[in-house]
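Asker: after the sequence you'll find the predicted model.
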Amino acid sequence: MTDIIHLLPDAVANQIAAGEVIQRPASVVKELLENAVDAGADNIQLIIKDAGRTLIQVVDNGKGMSFNDARLCFERHATSKLTTADDLFHLTTKGFRGEALASIAAIAHVELRTKMAEDSTGTLLQIEGSEVKEHAPVATADGTSISVKNLFFNVPARRNFLKSDNVEFGHIEEEFNRVVLTHQELAFSLYHNGKLVLQLQPSNLKQRIVNVFGNHFQDKLFPVEQQTDFINISGFIAKPENAKKKKSEQYMFINRRYVRHPLLNYAVETAYSELIPDGYKPAYFINLEVDPSTIDINISPTKVDVKLQDERLVFGFLNSTVKKSLGQMSLTPRLDFDYEPGMDLSNMPKDMELKEPAVTHNPNFNPFNSHPASGGGHSSSGSSYSRPSVPHNTNFDTSGWSDFLQSLKTETETVKQEQTETPTLDLQESRQEEQDESPIDNVKCLTINQKYIVANIGNGISVIHIAHARERILYEKYLTAIQQKPITVQQSLFPETITLSPAKADLARELKPQLLKLGYDLESIDGTHFAVNGTPNGDDGEDVQHVIELFLESYHSNMFLHHAEKDQNLAMSMAKQKCSSFKPMTENCEIIDFLRQLFDCQVSNVSPSGKSIIRQIEDTEIESWF
Ligand code: ADP
Ligand code: MG
């Protein structure tokens, strides 16, 4: 009997591995850029010709390689980044599999020039389809330059399946973005067919995003920030009004590695769900820092899919952090978002108290009691990370608004002191007074046709759309009523009877407990009649028949047309009915009270149906009109 099994020659094995790692020119770009970052370079150039078909070159000023390493790096499983399997869980580098260069060399013509700063000469290596053609000393700059030509020259199937230059270059730009957006401290440049496409100087993240995506991003971004023992979340999210119907700029990084993780994407998108229409996608640029031992990045050859040990925890933190940021966003129409390390603090009010953002959580909740651990992860024993309690409550505080108020307070204080020459009050006393009377009480407002409020807030004027704001206030009031604190029912001495269609009557019976939380105590008399035993305290004199009918209609259509979530739907449907019944506001204090209610909302700048509530016009803009 003859043996038929044999070991594949390295060149063939490498070509097979390349099938997984290198799918298109953009995959080469990704691997080469990652190697340059891992080599400690702070200036990296990417040079492309014909969307990578003719040339992909990466030039870096990193640590370079020795004469022997320059040869060895093209061997499969040749890496300087790990030695033992355990190292996989302490990785700080992008690469670790030691197969990118071997794969690339198997399916292209590669030229490497590299030199370590301490060596007097560098090394040239030419390799074609895994075959070394040249390995010699050469004069070259410190760092490494790798040119990849004739990609897929020996894999016609791959070559023929490449898309148009536009599409392929689009993929290259995407890979480039994924690296530059998480290494804003490094300089990058991108050339295509001899033209400079993008040059990036070291900067902060916000500036980097704007440099990559254009100036129009400047005002669209809002920071997200949350630090705990378990996870640090940082980055920027786009304002809801900038969500796009098609693909949006969505960048999720874990430990500064771009990752594809549907659950994390979902955590961000659901935080926006009330703020943007269905099918729209928010842009985000978020980096999560977690203990490397709690994440497995070795589940796909391209290293973009990852497995998190504590998926549920991360989901909860991320979701509540984004929600909180969205809440703060609505409260800070004029704050500067550029609070990066090293920012200029000179404009900050001196005694402004800076608060750590806090995520509401239940300190007694232990996820490992109620849910079995989701297997497949790696033991985190020995890790210094403690498990925090899970944020079970999607509410978030509005400390952003109080900070804003605080800054207003300081402003008004200064203005007051400047304007009056009578600082006779005892400081202590004046502070006390300030606490009782919030600065918003001093804001001057007026209404225009009962449609808009114009208020002098901060450095300009805010215009508030009253109907949208009212919808938001009522919506949050009813959501709280359903989820936490039911509205007080005022019992009727002589219950009114209402008549509903059979379908609505069925729905009313089904929603009886929720209607009660919203203040309506309905008792079914027969198929279509109900006695109204109680109505919401304070809502006297309303047409209950009308309110309940329209409420049920709205609830029903939201459920079928938009698949709205139950609580949100109930709150939204009730808010809609109550929106139209209101007293005109005339006194300044009434308007202030209304604004206070608005800014007490978790989200204050967008109505639950996604419409804008506030526009802020800076005084510099007003000045520019003249
Ligand atoms: P990995 O990055 O997974 O280690 P690669 O095949 O991408 O595998 O690279 C193999 C090795 O070659 C790296 O571990 C590194 O030591 C070296 N190397 C690759 N590119 C560079 C570079 N631009 N500068 C310095 N060393 C490099
Ligand atoms: Mg690599």
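Answerer: Good, I have the coordinates. Ligands and ions are numbered 1, 2, ... in the order given.
Asker: look up the pLDDT of the closest residue to Asn193 other than its chain neighbours for me, please.
Answerer: Distances taken as Cβ to Cβ, 6 or more residues apart in numbering place Lys49 nearest to Asn193, at 5.8 Å, with adjacent residues excluded. C-betas here are computed from N, CA, C, even on glycine. The model reports Lys49 with a pLDDT of 97.
Asker: which residues does Lys49 bridge with?
Answerer: Leu55 (DSSP bridges).
Asker: ok, it touching Leu55?
Answerer: Yes. The criterion here is Cβ atoms under 8 Å, and Lys49 meets it with Leu55 at 4.0 Å.
Asker: how far away is Pro536 from Glu542?
Answerer: 9 Å (Cβ to Cβ, to the nearest Å).
Asker: which one of the two is surrounded by more residues?
Answerer: Pro536 (22 against 13; other Cβ atoms under 10 Å).
Asker: what sits against the more buried one?
Answerer: With contact taken as Cβ atoms under 8 Å, 6 or more residues apart in numbering, Pro536 is in contact with 487-490, 518-520.
Asker: which helix or which strand is home to Leu190?
Answerer: Taking DSSP states H and E as the criterion, Leu190 maps to strand 187-192.
Asker: what's next to the helix or strand that comes right after that strand, contact-wise?
Answerer: Next helix or strand after strand 187-192 toward the C-terminus (DSSP H and E): strand 195-200. Residues outside strand 195-200 that contact it (Cβ under 8 Å, 6+ apart) are 173, 176, 180, 187-191, 208, 211-212.
Asker: from the contact counts, what lies against the strand holding Leu190?
Answerer: Under the contact definition 3 or more Cβ pairs under 8 Å, 6 or more residues apart in numbering; DSSP states H and E, strand 187-192 sits against strand 43-49, helix 165-180, strand 195-200.
Asker: out of the ones you listed, which is closest to Ser524?
Answerer: helix 165-180 (58.4 Å; Cβ to Cβ).
Asker: could I get the full set of strands for the stretch 401-550 of the chain?
Answerer: 445-448, 452-455, 460-465, 489-499, 521-524, 529-536 (DSSP state E, counting those that start in this stretch).
Asker: chain neighbours aside, what residue packs nearest to the residue in the stretch 201-350 of the chain that ligand 2 sits nearest to?
Answerer: Going by Cβ to the ion, ligand 2 is nearest to Lys303 of the stretch 201-350 of the chain, at 9.2 Å. Leaving out its chain neighbours, the residue that sits closest to Lys303 by Cβ to Cβ, 6+ apart is Ile297, at 5.4 Å.
Asker: per-residue pLDDT of that neighbour, please?
Answerer: 83.
Asker: ligand 1 versus that one, what's the distance?
Answerer: 11 Å (Cβ to the nearest ligand atom, to the nearest Å).
Asker: rewinding a little: quick check: the farthest pair among the contacts of Pro536?
Answerer: Greatest spacing in those, by Cβ to Cβ: Gln490 and Leu518 (12.9 Å).
Asker: who has more neighbours, these two?
Answerer: Using other Cβ under 10 Å, the more surrounded residue of Gln490 and Leu518 is Leu518, with 22 against 14.
Asker: in terms of contact, does the more buried one touch Thr480 like I think?
Answerer: No. In this structure, Leu518 is not within contact of Thr480 by Cβ under 8 Å, at 10.8 Å.
Asker: who's in contact with stretch 183-193?
Answerer: Under Cβ under 8 Å, 6+ apart, the answer for stretch 183-193 is 37, 41-51, 169, 173, 176, 179-180, 196-205, 207-208, 256.
Asker: which parts of it are buried?
Answerer: 183-184, 186-192 (16 or more other Cβ atoms under 10 Å).
Asker: SS state for the closest residue to Asn35 other than its chain neighbours?
Answerer: Counting by Cβ to Cβ, 6+ apart, Asn35 lies nearest to Gly95, which is 6.1 Å off, once chain neighbours are set aside. The local conformation at Gly95, judged by DSSP: H, G, I helix; E, B strand; the rest coil, is coil.
Asker: these two touch, right, Gly95 and Leu33?
Answerer: No. Applying Cβ under 8 Å, one finds Gly95 not in contact with Leu33, separated by 10.6 Å.
Asker: those two - which one has more neighbours?
Answerer: Between Gly95 and Leu33, counting by other Cβ under 10 Å, Leu33 is the more crowded of the two (23 against 20).
Asker: per-domain residue ranges of this structure.
Answerer: 10-202, 209-328, 441-616 (automatic domain parsing).
Asker: so which of those domains comes closest to Ser624?
Answerer: The nearest among these, by Cβ to Cβ, is domain 441-616 at 11.7 Å.
Asker: can you give me the strands for the stretch 51-200 of the chain?
Answerer: So, for the stretch 51-200 of the chain - with DSSP E, counting those that start in this stretch - the strands run 55-60, 109-115, 122-128, 131-138, 143-149, 187-192, 195-200.
Asker: which residues of the protein lie near ligand 2?
Answerer: Applying Cβ under 5 Å from the ion, we find that the chain lies next to ligand 2 at 35, 95, 100.
Asker: any chance of CSV for the residues you listed, columns distance to ligand 1 and pLDDT?
Answerer: Output for the residues of the chain next to ligand 2, formatted as CSV (distance: Cβ to the nearest ligand atom, whole Å; pLDDT from 0 to 100):
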residue, distance to ligand 1, pLDDT
Asn35, 3, 97
Gly95, 2, 85
Ala100, 3, 95
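Asker: between those residues, which is closest to ligand 2?
Answerer: The shortest approach to ligand 2 among these belongs to Gly95, at 2.7 Å (Cβ to the ion).
Asker: pLDDT weak spots in this protein?
Answerer: 330-441, 560-564, 581 (pLDDT under 70).
Asker: around ligand 1, which positions in it sit nearby?
Answerer: Remark: the part of the chain in contact with ligand 1 comprises 31, 35-36, 39, 60, 62-65, 73, 78-81, 95-102, 144, using Cβ under 6 Å from any ligand atom.
Asker: any of those buried? List them.
Answerer: For these, buried by 16+ other Cβ under 10 Å: 31, 35-36, 39, 60, 62-65, 73, 79-80, 95-102, 144.
Asker: in what helix or strand does Ala571 lie?
Answerer: Using DSSP H and E, Ala571 falls in helix 566-579.
Asker: relative to strand 460-465, how tilted is whichever helix or strand comes after that helix?
Answerer: Later in the chain than helix 566-579, the nearest helix or strand by DSSP H and E is helix 588-599. Helix 588-599 and strand 460-465 are oriented at 80 degrees to each other (axes from the mean of the first three to the mean of the last three Cα atoms, to 10 degrees).
Asker: which ones are touching Thr488?
Answerer: Going by Cβ under 8 Å, 6+ apart, Thr488 touches 519, 536-537.
Asker: which ones are touching Leu125?
Answerer: 70-71, 74, 110-112, 114, 132, 134-135.
Asker: now do 6 Å
Answerer: Under the criterion of Cβ atoms under 6 Å, 6 or more residues apart in numbering, the neighbours of Leu125 are 70, 112, 135.
Asker: before we move on, what about Leu518?
Answerer: Leu518 sits next to 481, 487, 574 when contact means Cβ under 6 Å, 6+ apart.
Asker: okay, now the residue in the stretch 151-300 of the chain that ligand 1 sits nearest to: neighbour count?
Answerer: Taking Cβ to the nearest ligand atom, ligand 1 has its nearest neighbour within the stretch 151-300 of the chain at Asn298, 10.8 Å off. Residues within reach of Asn298, counting by other Cβ under 10 Å, total 16.
Asker: Tyr258 touches Arg178, doesn't it?
Answerer: Yes. Between Tyr258 and Arg178 there is a contact under Cβ atoms under 6 Å: 3.9 Å.
Asker: thinking Leu308 is in contact with Ile295, fair?
Answerer: Yes. In terms of Cβ under 6 Å, Leu308 counts as a neighbour of Ile295; the distance is 5.4 Å.
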